[in-house]
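[1] Predicted model follows, preceded by the sequence.
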Amino acid sequence: MMDNLQTWIYIILGLVYFISRLRKKPEEPVGPPRRQAGQGEGDSGPKPLTFEELLREITEAKEPYTTAPTTSKPVQEYVDYDDEIEEEKEPERPDYDYKKQETYQLFEENRFAAFNRVSYEDTLKIEDTKVDFGKFKVFEEEKSTSLASQVAEDFTDVDKVRRAFIMSEIFNRKYA
């Protein structure tokens, strides 16, 4: 109901706004009144410029900026020194042969042996998988009863409540 009322209020305010805008008279321009084309043959006002005249004025306005002498800094030449550098070559050691190393030989043996080995997916059998339920119970925490739950349990027994009241009166004496 409230949404419907708000909607109607907005609609009424919108209508009032539009009606007030329509009734308002358009304001007259602040500048001098314009003459229409048929009035007065001796117009002393400026004549509108054609496109060519406007273009000529724009180009003439730009010329003083381009023809003015400018003080320019001397341009430094760019020299690429990278062209003069030769490619670095890794020094060769005539006494070194990587194929004689033990790690290279072991790598080559295992590379060829890898194709003959059975893959892990082929060796996996679902029957061999141990599915024991409850093997993580060892890691679970024991649920300990909290003080609040013990107090709530004590309030269910009427005899315990009586004893608690008597004990509170004994320990909290008004006149000690």
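    Sure, I can see it.
[2] Tell me how many other residues crowd Lys160.
    Around Lys160 sit 12 other residues, with neighbours defined as other Cβ atoms under 10 Å. All C-beta spots, glycine's among them, are computed from the backbone N, C-alpha and C.
[3] actually Ala164, not the one I wrote
    The number of residues packed near Ala164 is 14, by other Cβ under 10 Å.
[4] just checking, it touches Val151?
    No: in terms of Cβ atoms under 8 Å, Ala164 does not count as a neighbour of Val151; the distance is 9.4 Å.
[5] report the longest helix in the chain, please.
    With DSSP state H applied, the helix covering the greatest number of residues in the chain is identified as helix 2-23.
[6] Helix or strand next in line after that one, which one?
    helix 51-67 (DSSP states H and E).
[7] Run through who's touching that next one.
    Judged by Cβ atoms under 8 Å, 6 or more residues apart in numbering, the contacts made with helix 51-67 from elsewhere in the structure are Leu49.
[8] Go through that helix and flag the buried ones.
    Applying a neighbour-count criterion of 16 or more other Cβ atoms under 10 Å, one finds nothing buried in helix 51-67.
[9] mind showing which ranges of the chain have poor pLDDT?
    1-2, 25-45, 63-71, 176 (pLDDT under 70).
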